[in-house]
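**Q** Quick check, what structure comes out for this input:
(one chain, ligands or ions: 1)
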Amino acid sequence: MSAGRQSSAGPDHDVLVIGAGFAGLYALHRLRTDGWRVRVLERGDGIGGTWFWNRYPGARCDVESMDYSYSFSPELEQDWQWTERYPAQPEILAYLQHVAERFDLLRDIELGTEVTAAEFDDHAALWRVTTAAGATVTARYVVMAGGNLSAPRDPDIPGLDTFAGRVLHTARWPHEEPDLAGARVGVIGTGSSGTQAVPVLAERAAHLTVFQRTANFSLPAHNQPLDPEVAAELKARYRDHREQVRYSRNGQLRAWGERSALEVTPEERDKEYEARWQVGGGGFIGAFRDLLADERANDTAADFVRGKIREIVHDPAVAERLVPSGFPIGAKRVTVDTGYYATYNRPGVELVDVRADPIEAIHPGGIRTASGDDHPLDVLVLATGFDAMTGAVLAIDVRGRDGLALGEKWAAGPRTYLGLLTAGFPNLFLITGPGSPSVLSNMVVSIEQHVDWVADLLGALGERGHDEVEARPDAEDRWVAHVNELSESTLFPRGNSWYLGANVPGKPRVFMPYVGGVGTYRRHCEDVAAQGYPGLTTRDPAAR
Ligand code: N01
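**A** A predicted model of the protein is given here:
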């Protein structure tokens, strides 16, 4: 379908896309194919978004490679050969580079261009976007494609800036790999990034100290080379597979258990858990239908993983420190690792429980804890996470109708319609925004769905001869209530997770992703479009 450009006069561009990761690249391709004049602004010096920045040792996706890839081009998906079951960061980045070259995207991307402000001009119905270099560009529409996990957080620990050695954040890892040979390395943080980095850092460093505040549940990836026969078999039915994935629960075809964990015998339960543990990956959490809904059911899965930790880790005292407690498995994102727990059996690897013995200060030579223990370090790795879901958008001073600041509108938590638009901010689209499945899904599947929905909406607007679109406040209120109601029926809000904003002091505690599932959500969005977008108001330029 070709919407065609709306006007050659007026704004500099029809659409400005902010971010050149998976979302921005596909947005550029799709919208440009539809005939719009599109420009992408990217703060990094290269494309790839998350996969440009997060190049720490061990960085790997926890979605299988043949699913963590675009589906929009049957030729692309046939031509590209993944080499491992779970793709490592360099391979994903190479894939995105290939996509950018293959679809001639680079000519419309401005690298090293950080957007600092975006203001809607009510009178002209266009966005005025300002960059850190002080340039201003205008566009009719803005697509926020900056990602859900792209505003890294440094820990608020006294003395961090006094450390004499090198400080590295997993999400700002240097392009030239640091030489850690002979170094005493400390890692703060044991979420997905820390859990992936620790086993590799342990191999490279002379001594590794891991500072753990919350023990997390981690599942083995069982990563392996991708069997060419398995890949060929999937490629033979890729189209059909992709269609099923689009209507699946989380953008991956997993076997979701239909039974309750409480209606089977303990032996049957453990057999199922063991089978899934051996397969590897996040599918473990789908073993029974109620693991994320019923605390007693959840306890059975949590206990199984606790047993595994005690089995793997030789020193019982270390094992006990690694055993998570106090929150349901899955309420904080489970991590998927390669040899994480076994790393603590290596000589020269130390685990410090900083909940029991909090970090008091970082000093030039290392880290001192409240008990007075001192940990001398040459390199400090921060795996301390992100201001998730809203951080990247709110880092930009976004002002909508009548100068309303997005930060002000979202002061008590993000409010969106479908996770795609927010009332008072016309012609602004959020790709995988809060209130959509986003981080609870295979991001590539959700990104393609959002970009296609926005592109179809712009096409429909063009057909109406309109060039302004905005979420209706009543539709937004209903959507926010629906998203909240769904999350309250699960165990998700019981973890102090970044899903809730709990990792950022002062951030409102609102469970941000939509938990109803990718397929259900997609059908809802399709219905909205089929009904002519009843939750949106559109405007005719002649009325201005
Ligand atoms: O960040 P996190 P992440 N003192 O927020 C600790 C995706 N991802 O970068 O739990 C001491 O999960 C903090 O402790 P606590 C994935 O969605 C995917 O690891 O707050 N510790 C926690 O242990 C993931 O969930 C992949 O008590 C401090 C850690 O730092 C998301 O990104 C790979 C502290 C932060 O963990 C974020 O993961 C990587 C302090 N002051 C990331 N401040 C894959 O696809 C924070 N912490 C596999």
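**Q** For the ligand, what is the nearest residue in the stretch 101-250 of the chain?
**A** G191 (2.3 Å; CB to the nearest ligand atom). Yep, even glycine has a C-beta here, placed from its N, CA and C like the rest.
**Q** Strands of the stretch 1-150 of the chain, start to end?
**A** Assigned by DSSP state E, counting those that start in this stretch, the strands in the stretch 1-150 of the chain fall at 13-18, 38-41, 109-110, 115-121, 126-131, 136-144.
**Q** Near the ligand, which residues of the stretch 201-350 of the chain are found?
**A** Contacts of the stretch 201-350 of the chain with the ligand, taken as CB under 6 Å from any ligand atom, map to F211, R213, T214, R333, V336.
**Q** would you list the residues you listed in CSV and tack on pLDDT, neighbour count and secondary structure?
**A** What follows is these, written out as CSV (pLDDT from 0 to 100; neighbours: other CB atoms under 10 Å; DSSP: H, G, I helix; E, B strand; the rest coil):
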residue, pLDDT, neighbour count, secondary structure
F211, 98, 27, strand
R213, 97, 17, coil
T214, 97, 19, coil
R333, 94, 19, coil
V336, 96, 25, strand
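**Q** hey, which of the strands of the stretch 1-150 of the chain is tucked in deepest?
**A** Of all those, strand 13-18 has the most neighbours on average by mean count of other CB atoms under 10 Å, namely a mean of 27.
**Q** List of residues touching that one?
**A** Residues outside strand 13-18 that contact it (CB atoms under 8 Å, 6 or more residues apart in numbering) are 5-6, 24, 27-28, 31, 36-41, 115, 118, 127, 129, 137-146, 396, 458.
**Q** Let me know the pLDDT of Q6.
**A** At Q6, the model reports a pLDDT of 45.
**Q** what's H207 in contact with, if anything?
**A** H207 neighbours (CB under 8 Å, 6+ apart): A183, R184, V185, G348, V349, E350.
**Q** Kindly report the same for I431.
**A** Taking CB under 8 Å, 6+ apart as the test, what I431 contacts is A23, A27, V143, M144, A145, I447, H450, V451, V454.
**Q** Enumerate the residues of the chain near the ligand.
**A** 60-62, 149, 155-157, 170, 188-194, 196, 211, 213-214, 333, 336, 354, 383-386, 439, 498, 503.
**Q** Would you list the buried entries among those residues?
**A** 60-62, 149, 155, 157, 170, 188-194, 196, 211, 213-214, 333, 336, 354, 383-386, 439, 498, 503 (16 or more other CB atoms under 10 Å).
**Q** which phi and psi does whatever residue of the stretch 301-450 of the chain ends up closest to the ligand have?
**A** The nearest approach of the stretch 301-450 of the chain to the ligand comes at G385, 2.5 Å away (CB to the nearest ligand atom). Note on G385: its backbone torsions stand at phi 80, psi -160 [degrees, to the nearest 10].
**Q** quick one: the longest helix belonging to the chain to chain centroid distance?
**A** Taking DSSP state H as the criterion, the chain has its longest helix at helix 443-464. When distances are taken as CA atoms, centre = their mean, to the nearest Å, helix 443-464 is centred 20 Å away from the chain's centroid.
**Q** and what of stretch 283-297?
**A** 22 Å.
**Q** Which residues does it contact?
**A** For stretch 283-297, the external contacting residues (CB under 8 Å, 6+ apart) are 219, 249, 254-262, 264, 269, 272-273, 276-277, 298, 301, 305, 328-331, 334, 489-492.
**Q** How about the helix or strand containing A481, which residues are buried there?
**A** Assigned by DSSP states H and E, A481 falls within helix 473-488. Buried residues in helix 473-488, counting neighbours by 16+ other CB under 10 Å, are found at A475, E476, W479, V480, V483, L486, S487.
**Q** how big is the angle separating whichever helix or strand comes after it from helix 473-488?
**A** Using DSSP H and E, the helix or strand that follows helix 473-488 in sequence is helix 518-530. Counting by axes from the mean of the first three to the mean of the last three CA atoms, to 10 degrees, helix 518-530 points 170 degrees away from the direction of helix 473-488.
**Q** Other residues contacting helix 518-530?
**A** Contacts of helix 518-530 (CB under 8 Å, 6+ apart): 246-251, 418, 420, 436-437, 441-442, 445-446, 449, 453, 456-457, 460, 514, 534-535.
**Q** How far away from the center of its chain is the helix or strand following that helix?
**A** Downstream of helix 518-530, the first helix or strand assigned by DSSP H and E is strand 536-539. The chain centre lies 30 Å from the centre of strand 536-539; the measure is CA atoms, centre = their mean.
**Q** Any buried residues in strand 536-539, and which?
**A** Those would be L536, T538, R539, for strand 536-539 by 16+ other CB under 10 Å.
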